[in-house]
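What shape does this take:
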Amino acid sequence: MKETKITPGSNKLWEGSRMILPEHRESILKQQEEMKKRKRPILDEQRIEELSYVIREAVSEDHEVKIRIFGEYEDAAIYGRITKIERNRIQVSSNWTKDWINIEDIVSISVIVGGQNDG
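Okay, here's the model as predicted:
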């Protein structure tokens, strides 16, 4: 005989009370979202120098760039030309927008020459 919840040995008193309160559900979902968050990568001096070189090259040659920006859940990409450089941030302009990007948010940057991504 196959054992079910109603057969001897099961806990009939508590079997019908399986449910979750809305407050508990919200708490569980919030906790799961927090666990998905990523930590910002820490850039060492060599990596910062590499990014600086690519930025200088893109500005001097007036090339379009692809910039991958850190996000808590996933990275985002911005395409455009670097139009301004300040101490801790750069301005990237595309056809429709001008975005300021903090240097510490940059995960990678690559120059796009003739529609090709250099890496």
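
contacts, neighbours, all on C-alpha from now
Will do.

buried ones in stretch 71-85?
Buried positions in stretch 71-85, judged by neighbour count with 16 or more other C-alpha atoms under 10 Å: 78-83.

Extract the C-alpha trace of it and format it as CSV.
C-alpha atoms of stretch 71-85 as CSV (Å, rounded to 0.1, in the frame of the first residue of the first chain):
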residue,chain,number,x,y,z
GLY,A,71,25.2,47.0,-12.1
GLU,A,72,24.2,45.4,-8.8
TYR,A,73,22.3,42.6,-10.7
GLU,A,74,23.9,42.7,-14.2
ASP,A,75,26.2,45.0,-16.2
ALA,A,76,24.9,47.5,-18.7
ALA,A,77,26.5,48.7,-22.0
ILE,A,78,26.8,52.2,-23.3
TYR,A,79,27.9,53.1,-26.8
GLY,A,80,29.0,56.5,-27.9
ARG,A,81,31.9,59.0,-28.1
ILE,A,82,33.7,60.3,-25.1
THR,A,83,33.1,64.1,-25.1
LYS,A,84,34.4,65.2,-21.7
ILE,A,85,36.8,63.9,-19.1
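
Now do it: everything it contacts.
Outside stretch 71-85, the residues that touch it by C-alpha atoms under 8 Å, 6 or more residues apart in numbering are 36-40, 55, 58-59, 62-70, 90-95.

roughly how far is that stretch from the heart of the chain?
Relative to its parent chain, stretch 71-85 has a centroid offset of 11 Å by C-alpha atoms, centre = their mean, to the nearest Å.

circling back: among the buried residues of stretch 71-85, which are in strands?
Judged by DSSP state E, the buried residues of stretch 71-85 include 78-83 as members of strands.

Reformat these as CSV; add distance to residue 45 and pLDDT.
Below are those laid out as CSV (distance: C-alpha to C-alpha, whole Å; pLDDT from 0 to 100):
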residue, distance to residue 45, pLDDT
78, 23, 91
79, 25, 92
80, 25, 93
81, 24, 93
82, 22, 92
83, 24, 91
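
List of residues touching the lengthiest helix in the chain?
Counting by DSSP state H, the longest helix found in the chain is helix 45-61. Helix 45-61 is contacted by residues 63-65, 81-83, 108-111 when judged by C-alpha under 8 Å, 6+ apart.
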